[in-house]
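Student: here's a sequence, model it:
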Amino acid sequence: MPVYEYKCPKCGHFEVEQPITADALRTCPKCGKPVKKLISRSTVIFKGSGFYVTDNRKSDDKTKASGDGSSSDSSSGSKTKPAAGA
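Tutor: Residues are numbered from 1 along each chain as shown. Predicted coordinates for the structure are as follows:
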């Protein structure tokens, strides 16, 4: 169940564990004053492999990506030379 953060003008900040479908609190459970629901940052934890470019590559793909020079040789031969009369 998610935890929501609220702010009471008298009591300060407090947290309440509520279902997602529940309505937001309108009053403080301690003093009964109106409260504001705060938007807080959520924490995301990535577990396992595959979150970086190098994590999910196969070993043969790594050797191709490291640059065996085959792709750069073919591009160098396609350059055109300037005309002799120009």
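Student: contact partners for Val16?
Tutor: 3-4, 6, 25, 29 (CB atoms under 8 Å, 6 or more residues apart in numbering). Any C-beta I mention is one placed from the backbone N, CA and C, and that applies to glycine too.
Student: residue ranges with poor pLDDT in this structure?
Tutor: 49-86 (pLDDT under 70).
Student: all helices for it, in order.
Tutor: Here the chain has its helices, by DSSP state H, at 59-65, 70-76.
Student: on that earlier part again, save the contacts of Val16 as a markdown table, and put in distance to Arg41 and neighbour count too.
Tutor: As requested, the contacts of Val16 are exported to a markdown table (distance: CB to CB, whole Å; neighbours: other CB atoms under 10 Å):
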| residue | distance to Arg41 | neighbour count |
| --- | --- | --- |
| Val3 | 13 | 9 |
| Tyr4 | 13 | 18 |
| Tyr6 | 16 | 20 |
| Leu25 | 20 | 17 |
| Pro29 | 24 | 12 |
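Student: which among the residues you listed gets closest to Gly12?
Tutor: Nearest to Gly12, judged by CB to CB, of the contacts of Val16 is Tyr6 at 9.8 Å.
Student: measure that closest one to Cys31 for me?
Tutor: According to CB to CB, to the nearest Å, Tyr6 and Cys31 sit 12 Å apart.
Student: cool, thanks, signing off.
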